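Asks: I would like to see how this sequence folds:
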Amino acid sequence: MVMLWQKTIIFAMIRRDSLKFYQKKPTEFTSTDMKPALNIYHILSDKQWSGPEQYAYDLIAQIKDDGNKYYTEVVTQNRPKIIEHFRSLEVPVSILPLKSLSDLDSSLRLARQIKRGNNILHVHNMKDAATAVLACHISENPNNRVVLTSHSVEKPKTSFWYRRILRDIDHIIFSSRISYNEFIDHAKRFDRSRASVINDSIRPMLNYAETYDLRRTCEIDADKALILFHGRVCKEKGVDVLLRAITQLDKSTYHLAIIGDGDKRFVKRLRSFIEANQLEHNITMLGYQPNLQELLVQADFGVLPAAWREPFGISNLEYMMLGKAHIATNNGGQVEYLQNEKNALLVNPSDFSELAAAIKRLIDDPALRHNIGAQAQADFNSRLSYEHFYSQIIDLYTGLYTK
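Replies: Numbers count the residues shown, from 1 in each chain. So this is what the prediction gives:
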């Protein structure tokens, strides 16, 4: 419940036009070529490591490799696995409750950090956008900017608070055209100059430690195809559909490794399904693994049978970058860069019989796996490289201070 003193702050935020310190003014530069010194805060409140966290992690790592031109910091909840992963980058990590508008404490504490300088608050959902927007208002710093990356395909909500927050976001990044259109086509009186499509990408790991041999660890025979699924282990990602498809295959031909965390109850149901169908020697659930690419490169092919509409599909890009064939669904942003039979096999979502047939094709045809993987890698290098993505993000950041 929002208290009276919190309502006062929020009411002030709504009346921004009558308050001097809410009138944002661009930083003045002596040269149009001069780039501002930026402090970039990635604000993340997910309970588990998933696409937004990997997106932020890669951006921060690239900035560090680019000579630490900008200060970077992560703001997140008290989630030990997420905190540990970000701290491996040797960047500051601030821990806040991040409970949206009902949590004024997070906005007040964040506001103290952004009272001076040019600060980009890069958020990854509307709940964290509310925290960031309120912090910017409280800070009285006209050089703060809020950037939202949309990691979903959804229409804008029509509630009063949603529209108030949306108005104060400086720019929204959509990872695919389908995500952009779904939002823009239903956003009334929204300035389209404050939105753009920047395709996601994945940052390559330069060196593999080669300390984790999947075939040896999982006791997989050399003549069996090693199949991987990686991502959030949840119904939206189609993991239950994948297991139903697997039951239609010859057990002597494959081993499936599932990499990722998920809701404990859902994971428990999957384990019960594996036991009930006597698949313990064919399926290994590995949980979260930090050196993901080291494991993906060992796969014969991947399967990503998302039931929901993926906004873009970072996991798909990982197989492409590594030259690995993979199977995906045809219901989201991935169809903007995947072509059936050329750089992937595409199937209808939730159709486990069609998925089983596609898996069998790749098990039985190593030449097809090679050809699809090679074309996928070529397409990634030509159109979806991380360098291209990174340059667009940095141009967006700096452009927010030159308009």
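
Asks: going forward, measure contacts and count neighbours with C-alpha atoms only.
Replies: Noted.

Asks: now the closest residue to Arg87 other than its chain neighbours, which residues is it bridged with?
Replies: Sequence neighbours aside, Val93 is the residue nearest to Arg87 in space, at 6.9 Å (criterion: Cα to Cα, 6 or more residues apart in numbering). Judged by DSSP bridges, the bridge partners of Val93 are Val74.

Asks: and for Val93, the neighbour number?
Replies: Other residues within reach of Val93, judged by other Cα atoms under 10 Å, total 19.

Asks: all strands of this protein, in order?
Replies: For the chain, applying DSSP state E gives strands covering 38-44, 71-76, 93-95, 118-123, 144-150, 171-174, 195-197, 225-230, 254-259, 283-287, 301-304, 326-329, 345-347.

Asks: need the ones you listed in CSV (columns: distance to Asp240).
Replies: Formatted as CSV, these follow (distance: least, Cα to Cα, whole Å):
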stretch, distance to Asp240
strand 38-44, 27
strand 71-76, 30
strand 93-95, 34
strand 118-123, 30
strand 144-150, 26
strand 171-174, 28
strand 195-197, 31
strand 225-230, 12
strand 254-259, 11
strand 283-287, 13
strand 301-304, 11
strand 326-329, 14
strand 345-347, 15
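
Asks: which of those strands sits most buried?
Replies: Among the strands of the chain, strand 326-329 has the highest mean neighbour count (mean count of other Cα atoms under 10 Å), at a mean of 27.

Asks: name the helices or strands packed onto that one?
Replies: Here strand 326-329 touches strand 301-304, helix 314-321, strand 345-347, going by 3 or more Cα pairs under 8 Å, 6 or more residues apart in numbering; DSSP states H and E.

Asks: distance of the residue minimising distance to the centre of the chain from Asp200?
Replies: For the chain, the residue sitting closest to the mean C-alpha position, by Cα atoms, centre = their mean, is Gly51 at 2.4 Å. Note on Gly51: its distance to Asp200, by Cα to Cα, to the nearest Å, is 10 Å.

Asks: joint contacts of these two?
Replies: The contact sets of Gly51 and Asp200 overlap at Ile314 (Cα atoms under 8 Å, 6 or more residues apart in numbering).

Asks: count the residues that sit near Lys264.
Replies: A count of nearby residues for Lys264, using other Cα under 10 Å, gives 11.

Asks: all numbers from here: first residue = 28
Replies: Noted, 28 is the first residue going forward, which turns the last one into Lys291.

Asks: now it: how far from Gly314?
Replies: Separation of Lys291 from Gly314 (Cα to Cα): 11 Å.

Asks: try Ile122
Replies: Remark: distance between Ile122 and Gly314 (Cα to Cα) = 24 Å.

Asks: now the residue nearest to the centre of the chain: closest residue in space, sequence neighbours ignored.
Replies: Ile341 (6.9 Å).

Asks: wait, the one you found sits on Ser228?
Replies: Yes. Between Ile341 and Ser228 there is a contact under Cα atoms under 8 Å: 6.5 Å.

Asks: what about those two, which has more around it?
Replies: Looking at Ile341 and Ser228 with other Cα under 10 Å, you find the greater number of neighbours at Ser228, namely 26 against 22.

Asks: in the chain, where is pLDDT below threshold?
Replies: Across the chain, the ranges flagged by pLDDT under 70 are 28-63, 233-238, 430.

Asks: about what we covered before: what's the closest of the strands of the chain to Lys264?
Replies: Between Lys264 and these, the shortest gap by Cα to Cα is with strand 328-331, which sits at 7.2 Å.
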